[in-house]
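**Student:** Need the 3D shape of this:
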Amino acid sequence: MTKILLVEDDDTISQGLRYALEQDDCALIRTATVAEARAALDRESALEFDLLLIDLGLPDGSGFDVCRYARSKGDAAVIFLTARDDELNTVFGLDMGADDYVTKPFRIRELQSRIRAVLRRHSGTAVTQLPGGVRVDTGKAEVTRGGTRVTLTALEYRLLLFFMAHPGQVLTRSQLLSGVFDAGGSFVNDNTLTVYIKRLRAKLEAPGGPTLITTVRGLGYRLEV
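**Tutor:** Residues are numbered from 1 along each chain as shown. The predicted structure is shown next:
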């Protein structure tokens, strides 16, 4: 059973998350303030939690304070829940060691999928199943579709991994360019990104099969889960 510490002061959101996550065989401990979260981390031991779901805007401080305190005591996975979607908060949270960053309002099924993805990374599970019979083994850096190996270039593979790290989340072209290509030391402009997206779709999406990467008009792209 997955043990989760939820730090959220909104009762409606907390109740909805409790119901959904308990269906996924999760044990949820809910706190509503920084002080309560710290007490729970001390009482339960931070090492016993598999995941921390932390709201940034809390009555007595910031979710960043909870994350910082938790990191001083253990290495549980961390996902921030917040209404703040500006780039500064996102970068600051990820730099603190958060595994993901979910902007409210969010879809419960999307959050559940992203929780599973984060827990897989923390547990060391290397294999991920995607729609359309796509299987990604990060331990071997191997991608298959319907049992047949798919050959990806280094940049195509990095692009796929970046999508997998944010399942169900709309990623802007700017995020993809800076998160994938700049980090790889490669210069790729906006037009070239379109080509890479097209190539990745052609290799991973079977004709007539389910869509794996969806274009969200005016916003960016999303990996379907």
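**Student:** From now on I want contacts and neighbour counts done on CA atoms only, so please keep to that.
**Tutor:** Will do.
**Student:** Identify the bridge partners of Gln129.
**Tutor:** Beta-bridge pairing of Gln129 under DSSP bridges involves Arg135.
**Student:** helices and strands of this protein: which one has the lowest mean pLDDT?
**Tutor:** Lowest by mean pLDDT, DSSP states H and E among the helices and strands of the chain is helix 87-95, with a mean of 64.
**Student:** next structured bit after that one?
**Tutor:** The first helix or strand that comes after helix 87-95 along the chain, using DSSP states H and E, is strand 100-103.
**Student:** which residues are in contact with the helix or strand that that next one is followed by?
**Tutor:** Per DSSP H and E, the first helix or strand lying C-terminal to strand 100-103 is helix 108-123. Identification of contacts with helix 108-123 by CA atoms under 8 Å, 6 or more residues apart in numbering yields 17, 20-21, 50-51, 77, 79, 99-100, 102, 126, 164-169, 225.
**Student:** Please repeat the previous calculation with a cut-off of 7 Å.
**Tutor:** For helix 108-123, the surrounding residues in contact (CA atoms under 7 Å, 6 or more residues apart in numbering) are Ala77, Asp99, His166, Pro167, Gly168.
**Student:** now do stretch 156-168
**Tutor:** Residues contacting stretch 156-168 (CA under 7 Å, 6+ apart): Glu110, Ser113, Arg114, Val180, Tyr196, Leu200, Arg222, Leu223, Glu224, Val225.
**Student:** hang on, the earlier thing: could you dump the contacts of helix 108-123 to CSV with distance to Ala83, neighbour count and pLDDT?
**Tutor:** Formatted as CSV, these follow (distance: CA to CA, whole Å; neighbours: other CA atoms under 10 Å; pLDDT from 0 to 100):
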residue, distance to Ala83, neighbour count, pLDDT
Ala77, 20, 24, 86
Asp99, 17, 23, 79
His166, 17, 21, 83
Pro167, 19, 23, 83
Gly168, 17, 21, 86
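**Student:** Just give me the closest of the residues you listed to Pro210.
**Tutor:** Gly168 (14.6 Å; CA to CA).
**Student:** Which element, helix or strand, includes that closest one?
**Tutor:** Assigned by DSSP H and E, Gly168 falls within no helix or strand.
**Student:** which residue ranges form the strands in this protein?
**Tutor:** Assigned by DSSP state E, the chain shows strands spanning 2-7, 26-31, 51-55, 57-58, 61-62, 77-82, 100-103, 127-130, 134-137, 142-145, 148-150, 170-171, 213-216, 220-223.
**Student:** Quickly compare the ones you listed and say which is most buried.
**Tutor:** Across the strands of the chain, averaging neighbours per residue (mean count of other CA atoms under 10 Å) puts strand 51-55 on top, at a mean of 26.
**Student:** What strands flank that strand, and is each parallel or antiparallel?
**Tutor:** Here, using DSSP bridges, strand 51-55 pairs with strand 2-7 (parallel), strand 77-82 (parallel).
**Student:** Out of the ones you listed, which is closest to Arg38?
**Tutor:** For the strands paired with strand 51-55, the distance to Arg38 is smallest for strand 2-7, at 10.0 Å, taking CA to CA.
**Student:** That concludes my questions; thank you for your assistance.
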